[in-house]
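Undergrad: Provide a 3D model corresponding to the input given below.
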Amino acid sequence: MSLYSFLLDNKYILELSYALLLTFICAVIFFRTDKFFRLSLHKGLRYFRNAFLFYGAAFITRYLFGVLSDLNFDYAYIVKIIFEYFFVMAAFFLLYSLMWKKFETQREKHSSLFNPKIAIFHVLALVIAMMDYLWGTYYFLFGAEILIFIIASALAYSNYRKDRGQHKFLKFYFFAMILSLAAWVLNFLAESYFNWNHNLLIDVGIIDVIFFLLFLYGVVKATKQNGNKET
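TA: Take a look at the predicted model:
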């Protein structure tokens, strides 16, 4: 029996394990980054932290959507709208963590979850989720994610080049952006051309796990180094 066959034969266990694993990783990244932010007060960390709050919520609600869909629950579409909104907002927060200096200063004080600039992202995320619901597709989600991660990859690479390798976390950031871009492209192909091919979706899941593990490794390493400096 191949690995793919084994995983597909245990689909429900796989989906639950996948959701729990990624939610746990997101929670660790969120709390460690939050602690790091409170020490440094670097605003970019707030937006980076928020991305993983929304990713964690997205994986929980996506799993819930799958369960409700299998049960033919009449209002499962509401959960679909919510999880798409969470995914798009998470991507927007990652993008904004790379470019916030272009729009605000370190001295500005406002909520990082909702302020006049972030409100635009909330509206866009809701519009994208609603359009997918109305058209009965995922194309708007995939298109938005692909576009966001193309821009984020370019910004992450630019930051890495300017930094000249002084901060290794920027290298992790760039590779993570590329991995996420690849995962969303494969998601788009799986729906558009391969009729949700299960083997391809497993590959996407593996890439997603690597994406979050990269960030986890980078965050743990960065916070440990900061802790060592404090002591």
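Undergrad: drop to CA atoms for contacts and neighbour counts, all remaining ones
TA: Noted.
Undergrad: pLDDT weak spots in this protein?
TA: 1-4, 6-9, 38-42, 105-108, 164-168, 225-231 (pLDDT under 70).
Undergrad: so how far is Lys43 from Thr33?
TA: For Thr33, the distance to Lys43 equals 11 Å [Cα to Cα, to the nearest Å].
Undergrad: then Asn72?
TA: Asn72 is 43 Å from Lys43, by Cα to Cα.
Undergrad: give me the more crowded residue out of these two.
TA: Remark: of Asn72 and Lys43, Lys43 carries more neighbours, 21 against 10, as counted by other Cα atoms under 10 Å.
Undergrad: can you give me the helices in the protein?
TA: 3-9, 11-40, 43-70, 76-99, 116-135, 139-163, 168-192, 198-230 (DSSP state H).
Undergrad: redo the ones you listed as a markdown table? Include distance to Lys109.
TA: Below are these laid out as a markdown table (distance: least, Cα to Cα, whole Å):
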| stretch | distance to Lys109 |
| --- | --- |
| helix 3-9 | 48 |
| helix 11-40 | 14 |
| helix 43-70 | 9 |
| helix 76-99 | 16 |
| helix 116-135 | 12 |
| helix 139-163 | 24 |
| helix 168-192 | 25 |
| helix 198-230 | 24 |
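Undergrad: figure out which of those is closest to His110.
TA: helix 116-135 (9.4 Å; Cα to Cα).
Undergrad: tell me how many other residues surround Lys102.
TA: With other Cα under 10 Å as criterion, Lys102 counts 8.
Undergrad: and it, what does it touch?
TA: Lys102 is in contact with no residue at all, counting by Cα atoms under 8 Å, 6 or more residues apart in numbering.
Undergrad: that one and Glu191, how far apart?
TA: 36 Å.
Undergrad: could you do Val88 as well?
TA: In terms of Cα to Cα, Val88 sits 18 Å off from Glu191.
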